[in-house]
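J.: Sharing a model prediction with you, sequence too.
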Amino acid sequence: MPKIQQRVGYKIINIMSFFEAVKTCLVETFCIFSSRANRSEFWWFQLFTTLVMFTSLTIGMFFMEILDIEEGMPIIFGITCILLLIPNLTARIRRWHDVGISGWWLLISLIPYIGGIILFILYLLPSVSETTDENDQQVVQ
């Protein structure tokens, strides 16, 4: 499937679909911290993570209420969190690399309230150009 490209001013931005982003984050760049993740890849994967977490909570609540298994929700939700921890961290760090900042900015999330707001703003920043082609159009991967 060819990549979708969008021209924003002088930049050509590659836009990923939902399934491409999930495949990239879970399979292709599972433990790779050194590459880059554009905005579409990052936000599609965050949506996927949110949907999976909500689904695991729902299934856990089902086990707690219907089947009277008290440990159902914590076990299912905990396993889901552990499975998505590394891909989520790599997606975040690769997004910061795409913005042009270090992955160590993850530590700013330790500051209550302000850290989360700063990181959210950083996630919204546009990509920093990596290469330029011969037509003076910056290509952002």
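T.: Everything's here; your move.

J.: ok, now how distant is the residue sitting nearest the centre point of the chain from Met64?
T.: The chain has Phe42 as the residue nearest its centroid, 3.5 Å off, counting by CA atoms, centre = their mean. From Phe42 across to Met64, the span is 33 Å (CB to CB, to the nearest Å). The way it works is simple: take the backbone N, C-alpha and C, and place the C-beta from them, glycine included.

J.: now swap in His97 and tell me
T.: 40 Å.

J.: Kindly report the same for Leu83.
T.: Leu83 is 20 Å from Met64, where distance means CB to CB.

J.: Counting neighbours, go ahead and name the busier of those two.
T.: Taking other CB atoms under 10 Å, Leu83 and Met64 do not tie; Met64 has more neighbours (16 against 13).

J.: Near Ile76, how many residues? Count them for me, please.
T.: By other CB under 10 Å, the residues close to Ile76 number 21.

J.: Asn14 belongs to a strand, doesn't it?
T.: Yes - counting by DSSP: H, G, I helix; E, B strand; the rest coil, Asn14 falls inside a strand.

J.: how far away is it from Ser34?
T.: Distance from Asn14 to Ser34, by CB to CB: 19 Å.

J.: Those two: which has the busier surroundings?
T.: Using other CB under 10 Å, the more surrounded residue of Asn14 and Ser34 is Asn14, with 16 against 10.

J.: Could you tell me the per-residue confidence at that one?
T.: For Asn14, the pLDDT comes out at 71.

J.: right, and it touches Asn38 too?
T.: Yes - in terms of CB atoms under 8 Å, Asn14 counts as a neighbour of Asn38; the distance is 6.4 Å.

J.: Where does pLDDT dip in the protein?
T.: Residues of the chain meeting the criterion pLDDT under 70: 1-13, 71-72, 130-141.

J.: tell me the helices in it, going along the chain?
T.: 18-23, 39-65, 72-99, 114-124 (DSSP state H).

J.: Give me the nearest residue to Leu124, chain neighbours excluded.
T.: Setting aside the residues directly before and after it, Leu124 is nearest to Arg39 in space (CB to CB, 6 or more residues apart in numbering), at 7.8 Å.

J.: Pretty sure that neighbour sits against Ser127.
T.: Yes - counting by CB under 8 Å, Ser127 is a contact partner of Arg39 at 6.9 Å.
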